[in-house]
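>>> Provide a 3D model corresponding to the input given below.
(2 chains)
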Amino acid sequence: MNLNGLKYVLGETGRNLVSNSWMSLASVSTVAISMFVLSFFLVVTTNVNHVTAVLQSQVEMRVFVNPKATRSQEYALLKEARHWPNVRKMDFFTKSQAANNLKKEFPNQRGLVQLMAKSNPLFDGYDVFTYHPKDIPLLAKRFKQQSIVRTVVYEGQVVKRLTKLSTILKWVGWGVEVLLGLATLFIIVNTIRLAVFARRREVQVMKLVGATDWFIRWPFVLEGLVLGVLGALLADGAVDAGYRWLAQAAGTALPFWPLASLQAVMHEVWLFTLIGGFFVGGLASLVALRRFLRV
Amino acid sequence: MIRLDKVSKRYPNGHYGLVDASLTIRRGEFVFVVGPSGAGKSSLIRLLYREDFATEGEVYVDQFKLSSLRRGQVARLRRQLGVVFQDVKLLPNRNVYHNVAFAMEVVGASSRDIHKRVPQVLELVGLSRRRENFPDQLSGGEQQRVGIARALVNNPIYVIADEPTGNLDPETSRDIMKLFVEINRRGATVIMATHAKDIVNQMQRRVVAIEQGRVSRDDARGVYGYES
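All right, here's what the predicted structure looks like:
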């Protein structure tokens, strides 16, 4: 297609969009709503994944030592266990270090700080990291068998449940999205059908003077793509603004809640909504043209 | 050359538009296709620009065998044809100039060629002064001239007209017919389905008569031969 052809196709696309403005608006809104719902599930899934990752990156397993154990016993276990096959990293902490950490984490809890100053109820222990989360239960069992170990705590159950929740959310999200996608498809197909109908005389003349099939189709295909992408961009804008507000509100109300960053969330949202909008718009055009523009 | 070889056209309702029609039209000819209403003239015309398919037999337009054309080739075939209709099919939202230029734009002609060619054909059809007018500001005859200009603008080898004077008064019809004669004189082959008895009789050109779908007469210098 030469420059003149391109100019013609772009001009016709713009003309279709404007002269069919109400249907265009309906299509863009439907795509936007559909993409917003998709984004909602993406935001929730991203956050669940983020919480899971945070929990996993924090201490995978904490091993507390019996208060009667001597420091040399503690170091002996550290030296030995560091070489166990599933142990990636293992750090020792004393009970006073544990108390200091607690004070740092909860600086506003005055009662706690005072209590720590009087007598420290905590234990010496180890932070243990594994190569694979699935190794944790077996490793915990091995630590428990050591005579100086009092107790072992790990987040395995929570992580497992969160991973499951994330998977369920992902599938529910895609299920809802497929239904909304079909509705969106239907609306765009109708918009393009109206555009084809409004331009039926032009199309007829184009066919008669020897315009190629694709030259006739391009303005309508572009129209579908523009509708899809515009809807996606609208949804992206709403999600961006909404998430900024949510992050601010959550920062005040739930300061300890590990919310995923705006960039991480929007990266997913941009990617999926733009691909989704492009795909729905393009597919709708092709369906409409196949049915209503036999050139 | 256009050749119909034992062509039949049967519509889905069982009605035949053409039956076993054979015909050869050489380049440069001026051919009237005549016959009563519903005889099959328009069926023949539609087969030529591949708006319809023959259900039996074969239609050839130069190197194109129309029954086995791929979609891309249909566009190439149509670029060799200029088609004129009784109802003209002008675009109401474009002025005369742009109605004609449209036919060049959509086949990918350059702006330079469009600016050069469109005024030439408007001059030929006598509408240079009406180039800025929109179709609803033109008379029936003028609208048909725009339709002819649009059919001519891509320099077709064949000009196919389906009752181009059907909606026009006798005087205007004669003017339009003079235009087709001029187009033919400049080298284009003209094939025209018509009911214009007086003009056909007066012009003494080749006449192909169709009755009930069959070619009933093919005279080199014929007359209309029916009561219109």
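
>>> the strand or helix carrying A:Arg62: partners in the sheet, and parallel or antiparallel?
In this assignment (DSSP states H and E), A:Arg62 forms part of strand A:61-65. Using DSSP bridges, the strands paired with strand A:61-65 are strand A:125-130 (antiparallel), strand A:149-154 (antiparallel).

>>> how about residues contacting the last one?
It refers to strand A:149-154. For strand A:149-154, contacts defined as Cβ atoms under 8 Å, 6 or more residues apart in numbering or on different chains pick out A:60-67, A:77, A:123, A:136-137, A:140, A:143-144. Where C-beta positions appear, they are placed from N, C-alpha and C, glycine not excepted.

>>> ok, whichever residue of the stretch 1-150 of chain A sits closest to chain B - contacts?
As assessed by Cβ to the nearest Cβ, chain B sits closest to A:Gly5 within the stretch 1-150 of chain A, at 4.8 Å. Residues near A:Gly5 by Cβ under 8 Å, 6+ apart: A:215, B:105, B:108.

>>> reformat the residues you listed as CSV; add neighbour count.
Listed next are the contacts of A:Gly5 as CSV, based on neighbours: other Cβ atoms under 10 Å in any protein chain shown:
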residue, neighbour count
A:Phe215, 20
B:Glu105, 20
B:Gly108, 18
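
>>> those in helices, which ones?
Among the contacts of A:Gly5, the members falling in helices (DSSP state H) are A:215, B:105.

>>> which strand residues bridge the spatially closest residue to B:Thr189 that is not a sequence neighbour?
Nearest non-adjacent residue to B:Thr189, counting by Cβ to Cβ, 6 or more residues apart in numbering or on different chains: B:Tyr158, 4.8 Å away. Beta-bridge partners for B:Tyr158, by DSSP bridges, are B:Leu81, B:Thr189.

>>> same check on B:Glu56?
B:Ser8.

>>> pretty sure it sits against B:Lys6.
Yes - in this structure, B:Glu56 is within contact of B:Lys6 by Cβ atoms under 8 Å, at 6.9 Å.

>>> which neighbours do the two share?
Contacts common to B:Glu56 and B:Lys6, judged by Cβ under 8 Å, 6+ apart, are B:Asp20.

>>> closest to B:Arg27 out of the contacts of A:Gly5?
B:Gly108 (25.5 Å; Cβ to Cβ).

>>> so the closest one makes contact with A:Leu6?
No - if you go by Cβ under 8 Å, B:Gly108 and A:Leu6 don't touch, sitting 9.8 Å apart.

>>> hmm, back to that, most tightly packed of the strands paired with strand A:61-65?
strand A:125-130 (a mean of 21; mean count of other Cβ atoms under 10 Å in any protein chain shown).

>>> could you point out which element follows it?
helix A:136-144.

>>> what's in contact with that next one?
Outside helix A:136-144, the residues that reach it (Cβ under 8 Å, 6+ apart) are A:60-61, A:63, A:81, A:84, A:86-87, A:128, A:130, A:149, A:151-152, A:154, A:156.

>>> so for that helix, mean pLDDT?
Averaging pLDDT along helix A:136-144 gives 88.

>>> pull the distance from the helix or strand hosting B:Ala75 to the chain's centre.
Assignment of secondary structure by DSSP H and E places B:Ala75 within helix B:71-78. Relative to its parent chain, helix B:71-78 has a centroid offset of 17 Å by Cα atoms, centre = their mean, to the nearest Å.

>>> okay, buried residues for it please.
Neighbour counts using 16 or more other Cβ atoms under 10 Å in any protein chain shown place B:74-75, B:77-78 of helix B:71-78 among the buried residues.

>>> now for that helix, which elements pack on it?
Secondary-structure packing of helix B:71-78 (3 or more Cβ pairs under 8 Å, 6 or more residues apart in numbering or on different chains; DSSP states H and E): helix A:200-209, helix A:213-253, strand B:64-65.

>>> hey, C-alpha coordinates of that helix in CSV?
Extracted in CSV, the C-alpha atoms of helix B:71-78 (Å, rounded to 0.1, in the frame of the first residue of the first chain):
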residue,chain,number,x,y,z
ARG,B,71,-10.1,-13.4,-5.0
GLY,B,72,-7.0,-11.3,-5.7
GLN,B,73,-7.5,-11.7,-9.4
VAL,B,74,-11.1,-10.4,-9.3
ALA,B,75,-9.7,-7.0,-8.4
ARG,B,76,-7.2,-7.2,-11.3
LEU,B,77,-10.0,-8.1,-13.7
ARG,B,78,-12.2,-5.2,-12.5
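
>>> so A:Asp91 sits in a helix?
No - A:Asp91: not assigned to a helix; according to DSSP: H, G, I helix; E, B strand; the rest coil it is strand.

>>> that one against A:Gly125, yeah?
No - counting by Cβ under 8 Å, A:Asp91 stays clear of A:Gly125, with 9.5 Å between them.

>>> A helix includes B:Trp60, no?
Let me fix one detail, which is that residue B:60 is Tyr and not Trp. No - using three-state DSSP, the assignment for B:Tyr60 is strand, not a helix.

>>> leaving out sequence neighbours, find the closest residue to it.
Nearest one to B:Tyr60, counting by Cβ to Cβ, 6+ apart, is B:Arg3 at 4.4 Å.

>>> beyond the helix or strand hosting the one you found, next helix or strand please.
B:Arg3 belongs to strand B:2-10 when assigned by DSSP H and E. Next helix or strand after strand B:2-10 toward the C-terminus (DSSP H and E): strand B:16-25.

>>> by contact count, what packs against the helix or strand following that next one?
Scanning forward in sequence from strand B:16-25 by DSSP H and E, the next helix or strand is strand B:30-34. Here strand B:30-34 touches helix B:41-48, helix B:170-185, strand B:189-193, helix B:197-203, strand B:206-211, going by 3+ Cβ pairs under 8 Å, 6+ apart.

>>> please redo it, this time with the cut-off set to 7 Å
When contacts are defined as 3 or more Cβ pairs under 7 Å, 6 or more residues apart in numbering or on different chains; DSSP states H and E, strand B:30-34 packs onto strand B:189-193, strand B:206-211.

>>> mind listing the strands that strand pairs with, and their directions?
strand B:189-193 (parallel), strand B:206-211 (parallel).

>>> Throw these into CSV and include mean pLDDT, thanks.
Shown next, in CSV, are those (pLDDT from 0 to 100):
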stretch, mean pLDDT
strand B:189-193, 95
strand B:206-211, 94
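
>>> can you tell me which of these is most buried?
By mean count of other Cβ under 10 Å, these have strand B:189-193 as the most buried, with a mean of 24.

>>> alpha carbons only: can I get it in CSV?
The C-alpha trace of strand B:189-193 is given here as CSV (Å, rounded to 0.1, in the frame of the first residue of the first chain):
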residue,chain,number,x,y,z
THR,B,189,-14.9,-1.6,-26.1
VAL,B,190,-18.4,-0.7,-25.1
ILE,B,191,-21.0,-3.2,-24.1
MET,B,192,-24.4,-1.7,-23.2
ALA,B,193,-27.6,-3.3,-22.1
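
>>> please compute how far that strand lies from its chain's middle.
6 Å.

>>> same question, stretch A:252-268
Chain-centre distance of stretch A:252-268: 11 Å, with Cα atoms, centre = their mean.

>>> residues contacting that stretch, please?
Outside stretch A:252-268, the residues within contact range by Cβ atoms under 7 Å, 6 or more residues apart in numbering or on different chains are A:42-43, A:46-47, A:50-51, A:54, A:240, A:243-244, A:247, A:250.
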